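J.: Return a 3D structure for these sequence lines:
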Amino acid sequence: MTKINLVEKLGEFTEYWSPKIVAELNGQQLKLVKFQGEFVWHHHLNEDELFLVIEGEFTMEYKNTQGEVRSIPLRKGEFLNVPRGTEHRPVAVDEVSVLLFEPAGTLNTGTAGESTFTVADPARI
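T.: Numbers count the residues shown, from 1 in each chain. So this is what the prediction gives:
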């Protein structure tokens, strides 16, 4: 067993939209990510995702079943579960640090395919 300090791990990288694996359990990966700006619209066919805000704030935009764009603001200490199949994109005016919980192998850009945001093989820190 190894204790993990999220603040220390967040200090190990500066790049945005590049998730880093910090732990695994029961087929799930915990990933730290920093971001600012808008991500690509995407969804995941088979995976739910959980976004836990460690520092800062962001808005999760998503499309409801009628295709209307909705948004949920998230602040430090809050989390949001994005159900599989929900088209979404995180948007942050300022830098935000987030802990992601998702099944191992989940591609960060999901169904959007290859883009400048795609991280096919996240680093472990």
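J.: I'd like to know which elements the host helix or strand of residue 59 is packed against.
T.: In the assignment (DSSP states H and E), residue 59 maps to strand 57-63. Here strand 57-63 touches strand 69-75, strand 79-82, strand 88-103, going by 3 or more C-beta pairs under 8 Å, 6 or more residues apart in numbering; DSSP states H and E. No exception for glycine: its C-beta is placed from N, CA and C like everyone else's.
J.: and if we set it to 6 Å?
T.: Counting contacts by 3 or more C-beta pairs under 6 Å, 6 or more residues apart in numbering; DSSP states H and E, strand 57-63 packs against strand 69-75, strand 88-103.
J.: how deep is residue 113 tucked in, by neighbour count?
T.: Neighbourhood size, residue 113 [other C-beta atoms under 10 Å]: 10.
J.: If you could redo that for residue 76, that was the one I meant.
T.: In terms of burial, residue 76 registers 12 neighbours under the definition other C-beta under 10 Å.
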